[in-house]
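K.L.:
Fold the following and give me the result.
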Amino acid sequence: MLHHLYILIAGIVFGLANVIPGVSGGTMAVVFGVYERIINLIANIRRDFKKELPFILVFGAGAGIGILAFGKLMKWILVNHAVEANAFFIGVILGSIPLLVGYAFRKTSKRTGKTSWVFSAGNIIPMLVTIAIMIPMAMAGDNSEAKEAAAAVQVTGFNPLNTLLYVAYGIIAVATMIIPGISGSFVMLLIGFYGTIIAAVADLNLLVLIPFTIGCVIGLFTVAKLIKWLLRKFPRQTYSAILGFVLGSILCIFPGWSAMLAFWPILMVIVGFAAMTLCSRISE
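P.N.:
Numbers count the residues shown, from 1 in each chain. Take a look at the predicted model:
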């Protein structure tokens, strides 16, 4: 029962994160310990569908609740208490770091079962590279509102080139949602498509939605298979890269020291950290 409650909470947080520019749904899946399970499920959907159906239903219900039930509340919180909300997410991310460090740098001997720490160029460089990738994204965040306003374009006619572009945007959107640390909605803001797809959803504009959905399906399965292969062949290096993305995501939502060094933001960091630690204990 507690395990299913945990999966439901993970789904709610995942759903919330995917509609908030700057917060990564992939990161939330990692910090709740369900990321690899989701990747394996997507990559082997035909084989594992029946076995994973309870997980799909519970996690999917949580994601739906996060998007639909709490979406408006989260929007109000972000407008009126953005610093505190970001501080909470920072606390959640920090609470996941010990687990990710273990995945990236701890090795268990198959022969003896003993664990040892491995710090080498091979599993440190991927982390540094992905942190470096996140830095320009964080710096670009200041212009996101202007890009969002400029992107709200109403599509009224069929254009073959634009249709191919929407397919490409769908691939990019899902790829960035799957990769921990990168916010898919934030990337849509940066490339100037967030307003267009939001308007298309509101108006049920099939000229945009159909090619975008096709791109999402293509991106979902190709990127999931790639990540599964990387986790199988290079597990510590892959988790090192994921750790870098997760650490770098803090830069994207960090509101600045002047805003953070106050009672409520500090308290929310502590609450987020404690909540993540408690969730990790429940998941065990």
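
K.L.:
right, and residue 228 touches residue 40 too?
P.N.:
Yes - at 6.0 Å, residue 228 counts as touching residue 40 under the criterion of C-beta atoms under 8 Å. Quick note: C-beta positions are derived from backbone N, CA and C, even for glycine.

K.L.:
Relative to residue 167, how far out is residue 208?
P.N.:
Plainly put, residue 208 is 11 Å away from residue 167 if you go by C-beta to C-beta, to the nearest Å.

K.L.:
which residues do these two both contact?
P.N.:
Overlap of the contact sets of residue 208 and residue 167 (by C-beta atoms under 8 Å, 6 or more residues apart in numbering) is empty.

K.L.:
Which of these two has more residues huddled nearby?
P.N.:
Counted by other C-beta atoms under 10 Å, residue 208 and residue 167 do not tie: residue 208 has more neighbours, with 24 against 20.

K.L.:
so where do the strands sit in this structure?
P.N.:
106-108, 115-117 (DSSP state E).

K.L.:
Go through those and pick out the most buried.
P.N.:
Among the strands of the chain, strand 106-108 has the highest mean neighbour count (mean count of other C-beta atoms under 10 Å), at a mean of 12.

K.L.:
So which residues make contact with it?
P.N.:
114-118, 236.

K.L.:
Run through the stretch 101-250 of the chain and note the low-pLDDT ranges.
P.N.:
Within the stretch 101-250 of the chain, the segments meeting pLDDT under 70 span 140-157, 181-186, 189-192, 195, 198, 202.

K.L.:
mind redoing it with 50?
P.N.:
Along the stretch 101-250 of the chain, the parts satisfying pLDDT under 50 run over 143-151.

K.L.:
the helices in the stretch 1-150 of the chain, which residues?
P.N.:
Per DSSP state H, counting those that start in this stretch, the stretch 1-150 of the chain carries helices over the ranges 2-18, 25-31, 35-43, 45-48, 53-64, 71-80, 82-105, 121-140, 144-151.

K.L.:
wait, which of those helices is closest to residue 199?
P.N.:
Of all the helices of the stretch 1-150 of the chain, helix 144-151 sits nearest to residue 199, with 9.0 Å by C-beta to C-beta.

K.L.:
who does the biggest helix by length in the chain touch, helix- and strand-wise?
P.N.:
Criterion DSSP state H: the longest helix present in the chain is helix 206-233. Helix 206-233 sits against helix 35-43, helix 160-178, helix 194-203, helix 235-253, with contacts defined as 3 or more C-beta pairs under 8 Å, 6 or more residues apart in numbering; DSSP states H and E.

K.L.:
Nearest residue to residue 95 in space, please, no chain neighbours.
P.N.:
Among residues not flanking residue 95 along the chain, residue 276 sits closest, at 2.8 Å (C-beta to C-beta, 6 or more residues apart in numbering).

K.L.:
coming back round to it: which of the helices and strands packed on helix 206-233 has the highest mean neighbour count?
P.N.:
Note that of the helices and strands packed on helix 206-233, helix 235-253 is the most buried (mean count of other C-beta under 10 Å), with a mean of 23.

K.L.:
Would you mind extracting the C-alpha trace of it into CSV?
P.N.:
Below are the C-alpha coordinates for helix 235-253, written out as CSV (Å, rounded to 0.1, in the frame of the first residue of the first chain):
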residue,chain,number,x,y,z
PRO,A,235,25.8,2.5,-16.1
ARG,A,236,28.1,4.6,-13.9
GLN,A,237,29.0,7.0,-16.7
THR,A,238,25.4,7.4,-17.7
TYR,A,239,24.3,8.1,-14.1
SER,A,240,27.3,10.5,-13.8
ALA,A,241,25.9,12.4,-16.8
ILE,A,242,22.4,12.3,-15.2
LEU,A,243,23.9,13.6,-12.0
GLY,A,244,25.4,16.6,-13.9
PHE,A,245,22.0,17.3,-15.5
VAL,A,246,20.3,17.2,-12.2
LEU,A,247,22.9,19.4,-10.5
GLY,A,248,22.7,21.8,-13.4
SER,A,249,18.9,22.0,-13.2
ILE,A,250,19.4,23.8,-9.9
LEU,A,251,21.0,26.7,-11.9
CYS,A,252,17.8,26.9,-14.0
ILE,A,253,15.5,27.4,-11.1
